[in-house]
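# Predicted model and sequence below, questions to follow.
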Amino acid sequence: MSIILQITIPCPLRQCFDYLTDNSETHWQTGLRVLVPFGTRQVVGIILDVITPALDQDLSHLKSIIKPLDTHPVITDELFSLTLWVSHYYHHPIGDCFQAVLPKKIRKGETADLALESVWQVTQITDLDHLGKKQQQIFDTLKQTPAGLSQSEITQQFGQCRSSLLGLEQKGYLLQQQRPKKPKIYPTLSKPLQLNAEQQKVVSAVLEKKSTFSSFLLQGITGSGKTEVYIQLTEKIVAEGKQVLILIPEIGLTGQFVERFRQRLPECIVVLNSSISDGERKQSWLLAKEGVADVVIGTRSAVFSPLNKLGLVIIDEEHDSSYKQQDGLRYHARNVALIRAKNAGIPIILGSATPSLESLHHVQQQRYQLLELNQRATGATLPKVKVIDSAGPQVDSGISSELYHAIHAQLTAGNQVLLFINRRGFAPVLMCHDCGWQATCSHCDARMIVHQRRNVLCCHHCGYIQRLPQQCPKCRANDLNTYGAGTEQIEQTLTRYFPDTPVLRIDRDSTQRMNAFSEIVKEIQQGGAKILVGTQMLAKGHDFHDVTLVGVLDADQGLFSADYRATEALAQLIVQVTGRAGRGDKPGEVFIQTSQPQHAFWQGLIKKGYQYTAQQLLQQRSEMGLPPSGSLCVIRAEDKQESLAMQLLSEVSAILNQYSQQQVMVMGPVPAIMEKKAGRYRAQLLLLSQQRKPIHQLLDHAIDAISTLKLARKVRWSIDIDPLDLL
Ligand code: ADP
Ligand code: ZN
Ligand code: ZN
């Protein structure tokens, strides 16, 4: 008898598909992968449901599956229902959600079996025969590692030695076993630190709730020992046979953080970030699924790791915007992690020196418990902060004289200096002095950025590159000037002023090469007078002991942005970079250059601190009904033809207004602030509500009507729930 399999297919359609099978040998169940015909292709789908058809049901129109790919579900029950939740909450096609959740090799239909390897161990034999020299060496080495060594580890040490090993096995001295292949790491283990009273309180508070869903916001200033708290909690939870999921932001160097965990937990830690291969990702994913991995440390998408014994979730730098995916399935990993913790009935810790307004709001609403670390764990003091008027005296490239003298003094004392400017390249503007022509991108409503070293103009929005012109393309004058400064120019200027001091530039251009970032970091950590010039990349989490001065060169960008979240981001950034100064035993100083030194924002942030500024911002958001008080959704559209995006969104807006109750305000459509990007014209429609639910109900009602619009099949469009940027 035939049965019907309801299958989700990797495609942008908001539906699943029914297929038939006569195969009665397979135990059909949800979560199995099957190969099915789809149009002219064969694709890998996942079973959502198994249905026995009614006796008189006409099945003639259904296609049959080609074959099953699994005998057991590839996805755990918990992850399966999480994926359904994600699809529903983010109003995103289910097939696409499974694509986001599964590692590529699994998606493409490869086997879901753990890769195994031979591991050799000594047996309990006491009296040995005389052994050959090599056999004796191997035997002695293995005797010191009772857990055994893998074939490849032994080969690495002793060269080709398979016959020696087999010989030892034959004599009964060694035992060979097949075990899951784990990542190979040999850290030197280090001892736990004695927690201070504040840290101890945090650990106890979390452990007290270890078997219930509870959300903690751990607000701890940089250097207050949050990571140490994470490590000790992880040790405790792992010791109970449970797994821990740790999310970290997308930063070039996750190395330091991971290394500290590895030095303390000899258990199996797998790391999931953008630098691992597809093969490693699959194996790590399976190690997590089979319960071999005790700890998963990873960036955003690691929130979808299959973990059946999950006991604790930790999100470090919880305010970081990289937790939000900005295309495709636009999920927020913090949000998904909270749902996971809730489903699993376990605690979740959100850690940051500068918590997001969302999380602070939840603390006010008593949904999260606030835990604080207010002392630097090493006893180092926080740096002094000074605001400098950028219109005052300057040396060059926008560096004020006051900052210059401070840099000079710190370098003379053998210290390191970190200058922060959130713009890569040489200069943001190239302009003709005669006719006023400016270099703009022909694909975007944006200026081209001057990259002098590569001798090009480059658009940072679409990547379009042009040779740097010597003459004005409009009036042929030879009078082209640059305005403003980026990292490349600051690097050049400082090299000129301090020819004997190494200047290291850290931005996306200088760290593109594999390992470039960690090489630069190593160089910084060697100490000695150095100047570091970098973008955002440098603001995050790195512990540079010799940095005593931090300069922020262009703090104004965030003050005058059209984005409602810009001031929150600026406050977080300033506090984070401030945390980079004086982490060692030397005190630090911070200089912020701004055209608005008297602005209330600076006065508040510097005199009263992040907490005060955050409360001010929360108050403003609440008055405007914006998140985290209200709830937002953006529907975006883009097309090469100028009017189509706006036209589609007008139609969408009409549909929404048919269904809309008064609780949801539908605003727009309006063209995006940068309307043209990468050759496409963009527009957006905003949904705002005082509660979360009405927006979701409205979308649930309207989505079918929207999807069937003729233009909706032609124009690219997307739904962004809880969007981070509205630009
Ligand atoms: P955070 O993650 O909050 O920035 P870390 O955990 O990195 O802080 O701690 C900052 C520094 O303080 C590190 O060098 C760490 O080894 C040290 N540290 C943390 N906790 C303690 C402690 N209880 N005793 C002594 N040193 C500590
Ligand atoms: Zn000109
Ligand atoms: Zn462009």
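Sure, I can see it. Just so it is clear, the model here is predicted, and its values are computed rather than measured. Ligands and ions are numbered 1, 2, ... in the order given.

# Might one say that P628 is in contact with Q620?
No: in this structure, P628 is not within contact of Q620 by Cβ atoms under 8 Å, at 11.8 Å. Backbone N, C-alpha and C define where each C-beta goes, glycine included.

# Looking at those two, which is more packed in?
For P628 versus Q620, the count of surrounding residues by other Cβ atoms under 10 Å is larger for P628: 19 against 14.

# pretty sure the more buried one belongs to a helix, no?
No: going by DSSP: H, G, I helix; E, B strand; the rest coil, the assignment for P628 is coil, not a helix.

# how near is it to V387?
28 Å (Cβ to Cβ, to the nearest Å).

# do the same with G630
32 Å.

# Is the residue of the stretch 601-727 of the chain found nearest ligand 2 bridged to anything, and to what?
Ligand 2 sits closest to K676 of the stretch 601-727 of the chain, with a gap of 23.2 Å, by Cβ to the ion. In this entry, K676 is beta-bridged to Y681, by DSSP bridges.

# still on that earlier bit, between G630 and V387, which one's more packed in?
More neighbours surround V387 than the other of G630 and V387, with 20 against 17 (other Cβ under 10 Å).

# so V44 bridges to which residues?
Beta-bridge partners, per DSSP bridges, of V44: L35.

# er, I592 actually
V387, V552.

# That one: what's it in contact with?
Residues near I592 by Cβ atoms under 8 Å, 6 or more residues apart in numbering: 385-388, 551-552, 555, 574, 602.

# Which pLDDT does the model give it?
Confidence at I592, expressed as pLDDT, is 93.

# Got the domain ranges for this structure?
Domain segmentation of the chain under automatic domain parsing yields 3-107, 116-180, 197-373, 384-426+485-619, 631-721.

# Among those domains, which one carries the weakest average confidence?
domain 116-180 (a mean of 80).

# before we move on, back to that, the domains of the chain into CSV, with extra columns for distance to D479?
Shown next, in CSV, are the domains of the chain (distance: least, Cβ to Cβ, whole Å):
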stretch, distance to D479
domain 3-107, 51
domain 116-180, 63
domain 197-373, 39
domain 384-426+485-619, 18
domain 631-721, 28
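
# ok so, going back, how about the contacts of I592 in CSV, adding distance to ligand 2?
Converted to CSV, the contacts of I592 look like this (distance: Cβ to the ion, whole Å):
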residue, distance to ligand 2
V385, 43
K386, 41
V387, 38
I388, 35
G551, 35
V552, 34
A555, 32
I574, 39
W602, 39
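
# quick check, nearest of the residues you listed to ligand 1?
Taking Cβ to the nearest ligand atom as the measure, I574 is the one of those closest to ligand 1, at 16.5 Å.

# So that closest one lies in a strand, does it not?
No: I574 sits outside any strand when classified using three-state DSSP, being helix.

# so it makes contact with V552?
Yes: counting by Cβ under 8 Å, I574 touches V552, with 6.6 Å between them.

# how close does K342 get to ligand 2?
61 Å (Cβ to the ion, to the nearest Å).

# Next secondary structure after the helix or strand where that residue lies?
In this assignment (DSSP states H and E), K342 forms part of helix 333-344. Going down the chain from helix 333-344, the next helix or strand is strand 347-352, by DSSP H and E.

# Now that following strand: buried residues?
Residues of strand 347-352 classed as buried by neighbour count (16 or more other Cβ atoms under 10 Å): 347-352.

# Name the nearest of the residues you listed relative to ligand 1.
G351 (7.6 Å).

# helix, strand or coil for the closest residue to that closest one other than its chain neighbours?
With sequence-adjacent residues excluded and distances taken as Cβ to Cβ, 6 or more residues apart in numbering, G351 is closest to L218, at 4.2 Å. Put simply, L218 is strand when judged by three-state DSSP.

# Give me the nearest residue to L644, chain neighbours excluded.
In space, and not counting its chain neighbours, L644 is closest to V715: 5.1 Å by Cβ to Cβ, 6+ apart.
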